[in-house]
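Participant: show me how the following folds:
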Amino acid sequence: AVTSLDVLLAHDGARDALLAALKMPAPLGTLVVKYLGLFRPATRELTFDRVAGLLNELLPMIQAGQIERNGRTWPAPMPYWIDAMEDMLGKRDRLQLPMKSHGYLLEIIAGMSNQMEAKKEEKQEQDRRQRAADDTAGGKARRHQAGSPPAAFLQLAAAITGRTAAAGGGAGNFEHARNS
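Facilitator: Reported below is the predicted structural model:
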């Protein structure tokens, strides 16, 4: 049986499903259709109303690039959606079908976001430790150089005395130069 576009648009659920599908980002197109298949009861087809409802639940989260799960907002960039849907489709034979909600999909995305957050925190901690080590090493280097005066001091002393300091001579050369 062939369904014309006019018939689809005349049916509220079909029209809503079509409009929601058209708003989906291109990278998700085919995946969303396959994902929606996880909601199909074994004995009948998904209704247009159900498809529209499922799509309209997903669309705001996908567009916002974030999800709400367990009282927390998680980043949900496009690659997370793609990976999560592919993961579910790969586990299709182990899932309890038909799916009743997007809960499992959202759990996968929250888990991905949590892992990325942990990696970011670990990187920040490594950077902090490295800065602390660099500061410690820099402090030792500054203490080691503390015996010789800074170049600005040598230039000032040379200007005051009218003499130049010997290269690497330090403040002692000015003493010697003043006394000679």
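
Participant: show me where the protein has helices.
Facilitator: Using DSSP state H, the helices of the chain run over residues 5-10, 12-23, 29-36, 48-64, 78-90, 103-144, 151-161, 172-179.

Participant: now render these as a markdown table, adding mean pLDDT, mean neighbour count and distance to residue 72.
Facilitator: (C-beta placed from N, C-alpha, C; glycine too.) As requested, the helices of the chain are arranged in a markdown table below (pLDDT from 0 to 100; neighbours: other CB atoms under 10 Å; distance: least, CB to CB, whole Å):
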| stretch | mean pLDDT | mean neighbour count | distance to residue 72 |
| --- | --- | --- | --- |
| helix 5-10 | 68 | 10 | 38 |
| helix 12-23 | 85 | 16 | 26 |
| helix 29-36 | 93 | 16 | 23 |
| helix 48-64 | 95 | 17 | 14 |
| helix 78-90 | 97 | 17 | 15 |
| helix 103-144 | 85 | 12 | 8 |
| helix 151-161 | 73 | 13 | 54 |
| helix 172-179 | 47 | 14 | 65 |
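
Participant: so which of those helices gets nearest residue 70?
Facilitator: helix 103-144 (7.3 Å; CB to CB).

Participant: chain center to the closest one, what's the gap?
Facilitator: Centroid separation for helix 103-144 versus its chain: 14 Å, with CA atoms, centre = their mean, to the nearest Å.

Participant: swap in stretch 94-114?
Facilitator: The chain centre lies 20 Å from the centre of stretch 94-114; the measure is CA atoms, centre = their mean.

Participant: need the nearest residue in space to residue 77, chain neighbours excluded.
Facilitator: Take residue 77 and drop its neighbours on the chain: the residue closest to it by CB to CB, 6 or more residues apart in numbering is residue 65, 5.5 Å away.
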